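Q: structure for this input, please:
(2 chains)
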Amino acid sequence: MIALLVRDLRLGMRAGGGFGLGLAFFLIVAVLVPLGVGPEGQTLAKIAPGILWVAALLACLLSLDRIFALDFEDGSLDLLATAPMPLEGVVTMKALAHWITTGLALTLASPVLALLMNLPGAGYGWLVASLAVGTPALSVIGTFGAALTVGLKRGGLLLSLLVLPLYVPTLIFGAEVVRRGAEGQAVLTPLLLLGGITAGAAALLPFASAAALRINLR
Amino acid sequence: MSIWKYANPKLFMQTTDRVLPFLIPLTVVLMVVGLVWGFFFTPDDYRQGATVKIIFLHVPSAMLGINAWLMMLVASLIWLIRRHHVSALAARAAAPIGATMTMIALVTGAIWGEPMWGTWWAWDPRLTSFLILFLFYLGYMALWAAIEDPDTAADLTSVLCLVGSVFAILSRYAVNFWNQGLHQGPSLTIAQQQHVADAYWYPLMISIAGFILFFVMMVLLRTRTEIRSRRLQALLARERMA
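A: Residues are numbered from 1 along each chain as shown, chains lettered A, B, ... in the order given. Predicted structure coming up:
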């Protein structure tokens, strides 16, 4: 399992893996929004939590179809499926690799972008915390979507249609944590609910993803 | 005598052949009576005026928008567990109807909301969760349309339907949380029904019954179409083989 994780990480980091792409996209969105909305600090500070979370979510979405597509094309997914390791484990490792290359990177980069968005000072810690807690759920849910659409020729657009509605609870609680944090209110409840979604998704969705993969590899 | 024998497509076709000639007129009568009575023979509400009458469309379609997904969930489970093709086809047949009902509920709600709340749309929990439900329907139908092999499509959409149900419920409560205290939605249908006057109650019940029968009828009709198109494909495939 560790070997698979290391392999996926290495593939993701190298050229063509799209590692920097998600980050660059995150940056671009954070630059475009002030250009579109106008540079007033008040307005930006108000919408910053939501925009940062939406941007992170879209950046996550960009690299989803790569989770299985390349392995499916060159046949290594078939080998993984017939390997002694349970397919659920493979799926979990794939999701973890995706999270490290996108979710974790976004989390670490987010304070810089929050600066661009004029997020109030109290919000920085909560932004990082909420992204750290919430982005694993995005990767796990996205892996499920990628498993559903892996055999399709043009799955990318369909993938976003399938996955984005599933992201709604994560987005709501994640942005709520940052908003409350920035306004200096109590953040524990949304943060715990966010953690609950992540834990629940990580515990249950790999089974659904593995089931979808088995159907697709039949 | 067991319900599973209707999983046989032939028996399903024979039974629905006999049921539909009664079901269709009954549906039409109930819907016409319910809606005409509701629209033209109920008094105007003293505060809402004639706009109150939109509930005869709004409430039944909203109920079906949710319950169609439940029906798809049950049908998907039956398909995954017992592999009855009719069940998978019924789930597929129900999705566009559910999506349409959700759309009708949203649109009629907006039409009612404009004079009553002064806005077409508010990010009220109930409204938002319905919009999300509509997106779930779209994704489900798109996945059906995208996969060529019918059995694979049935399997994958069933898995999506199961996962989607969990997330639809989750979104419902998440949205509730998100907007708590910001915008208290005016008391919607559930509260109204409890003290709605008899003059509205009877036509509303009739039109709800009409809509439910309409849903059943449409699902049966569309399932029959699906079975026929499946048979046609089988015949074409056999011809190519020969």
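Q: and stretch B:150-162, what's buried?
A: By neighbour count with 16 or more other C-beta atoms under 10 Å in any protein chain shown, stretch B:150-162 contains the buried residues B:Pro150, B:Ala153, B:Ala154, B:Asp155, B:Leu156, B:Thr157, B:Ser158, B:Val159, B:Leu160, B:Cys161. Quick note: C-beta positions are derived from backbone N, CA and C, even for glycine.
Q: correct me, but the first one touches B:Ser229?
A: No: counting by C-beta atoms under 8 Å, B:Pro150 does not reach B:Ser229; the two are 9.9 Å apart.
Q: just want the most central residue of chain B.
A: B:Gly98 (3.0 Å; C-alpha atoms, centre = their mean).
Q: what residues are up against the nearest residue to B:Ile212 once chain neighbours are set aside?
A: Leaving aside its chain neighbours, B:Ile212 sits nearest to B:Leu64 (7.0 Å; criterion: C-beta to C-beta, 6 or more residues apart in numbering or on different chains). By C-beta atoms under 8 Å, 6 or more residues apart in numbering or on different chains, the residues touching B:Leu64 are B:Ile97, B:Gly98, B:Met101, B:Phe211, B:Ile212, B:Phe215.
Q: let's see that with 6 Å instead.
A: B:Met101, B:Phe211, B:Phe215 (C-beta atoms under 6 Å, 6 or more residues apart in numbering or on different chains).
Q: for the second one, which non-adjacent residue is spatially closest?
A: Nearest non-adjacent residue to B:Phe211, counting by C-beta to C-beta, 6+ apart: B:Pro60, 3.6 Å away.
Q: now, which of the buried residues of stretch B:150-162 sits nearest chain A?
A: For the buried residues of stretch B:150-162, the closest approach to chain A (C-beta to the nearest C-beta) belongs to B:Asp155, at 4.3 Å.
Q: show me what contacts the closest one?
A: A:Ile215.
Q: so which helix or strand takes in it?
A: helix B:150-178 (DSSP states H and E).
Q: I'd assumed B:Gly98 was in contact with B:Ala68.
A: Yes: at 2.9 Å, B:Ala68 and B:Gly98 qualify as touching, with contact defined as C-beta atoms under 6 Å.
Q: how many residues are close by the closest residue to chain B within chain A?
A: Nearest to chain B, among the residues of chain A, is A:Pro169, at 3.9 Å (C-beta to the nearest C-beta). Per other C-beta atoms under 10 Å in any protein chain shown, the neighbour tally for A:Pro169 reads 30.
Q: how about the helix or strand harbouring B:Gly139: buried residues?
A: If you go by DSSP H and E, B:Gly139 is part of helix B:125-146. For helix B:125-146, the neighbour count (16+ other C-beta under 10 Å) marks B:125-141, B:143-144, B:146 as buried.
Q: and chain A, which of those residues contact it?
A: Among these, proximity to chain A is found for B:Ile132, B:Leu135, B:Phe136, B:Gly139, B:Ala146 (C-beta under 6 Å from any C-beta of the partner chain).
Q: next, the angle helix B:125-146 makes with the helix holding B:Asp155.
A: 160 degrees (axes from the mean of the first three to the mean of the last three C-alpha atoms, to 10 degrees).
Q: what is the mean pLDDT for helix B:150-178?
A: Mean pLDDT, computed over helix B:150-178, is 84.
Q: the residue nearest to A:Gly184 when sequence neighbours are not counted: neighbour count?
A: The spatial neighbour of A:Gly184 that comes closest, neighbours along the chain excluded (C-beta to C-beta, 6+ apart), is A:Ala122 at 5.3 Å. For A:Ala122, the neighbour count with other C-beta under 10 Å is 15.
Q: show the contacting residues for A:Ala122.
A: Counted by C-beta under 6 Å, 6+ apart, A:Ala122 has contacts A:Gly181, A:Ala182, A:Gly184.
Q: go again with 10 Å.
A: With contact set as C-beta atoms under 10 Å, 6 or more residues apart in numbering or on different chains, A:Ala122 has these partners: A:Val178, A:Arg180, A:Gly181, A:Ala182, A:Glu183, A:Gly184, A:Gln185, A:Val187.
Q: for chain A, give me its nearest residue in chain B.
A: For chain B, C-beta to the nearest C-beta, closest residue to chain A: B:Ala174, 3.9 Å.
Q: where do the helices sit along chain A?
A: Using DSSP state H, the helices found in chain A span residues A:2-13, A:19-37, A:41-62, A:66-74, A:76-82, A:87-98, A:105-116, A:123-148, A:155-166, A:168-183, A:188-217.
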